[in-house]
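Participant: only geometry, no sequence info:
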């Protein structure tokens, strides 16, 4: 029994190593075909003071596609600090 458990542990080691590798960050471009099945997180790339300004700011979204693979996507949005005055 101990040999079987050890063999299973050793066989699964490569899967654990792959799961802990950092994701490659993709840059969004207009018209990009995204397959977003589940959003895991969305966070600003800049500091808080830059995000509260007016203009374009970078955000980063980590998501799973319809097959369960994780992706890391960087994109730009309009900041929330803009006023009409």
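Facilitator: Good, I have the coordinates. In this text the structure is predicted, and so the values were computed from the model without any measurement.

Participant: Tally up the residues packed near residue 65, please.
Facilitator: Applying other CB atoms under 10 Å, we find 13 residues neighbouring residue 65. Every C-beta, even on glycine, is put in place using the N, C-alpha and C of the backbone.

Participant: actually residue 34, not the one I wrote
Facilitator: Around residue 34 there are 12 residues (other CB under 10 Å).

Participant: can you tell me which residues contact it?
Facilitator: Taking CB atoms under 8 Å, 6 or more residues apart in numbering, we find residue 34 in contact with residue 73.

Participant: Equivalent analysis for residue 83, please.
Facilitator: By CB under 8 Å, 6+ apart, the neighbours of residue 83 are residue 54.

Participant: What of residue 55?
Facilitator: Contacts of residue 55 by CB under 8 Å, 6+ apart are 78-79, 82.

Participant: Just among those residues, which is most surrounded?
Facilitator: Result: residue 79 is most packed of these (other CB under 10 Å), 16 neighbours.

Participant: Spatially nearest residue to it (excluding sequence neighbours)?
Facilitator: residue 57 (4.6 Å; CB to CB, 6 or more residues apart in numbering).

Participant: Residue 56 too?
Facilitator: Distances taken as CB to CB, 6+ apart put residue 76 closest to residue 56, at 4.6 Å, once the chain neighbours are dropped.

Participant: Make sure the one you found is actually in contact with residue 58.
Facilitator: Yes: at 5.7 Å, residue 76 and residue 58 qualify as touching, with contact defined as CB atoms under 8 Å.
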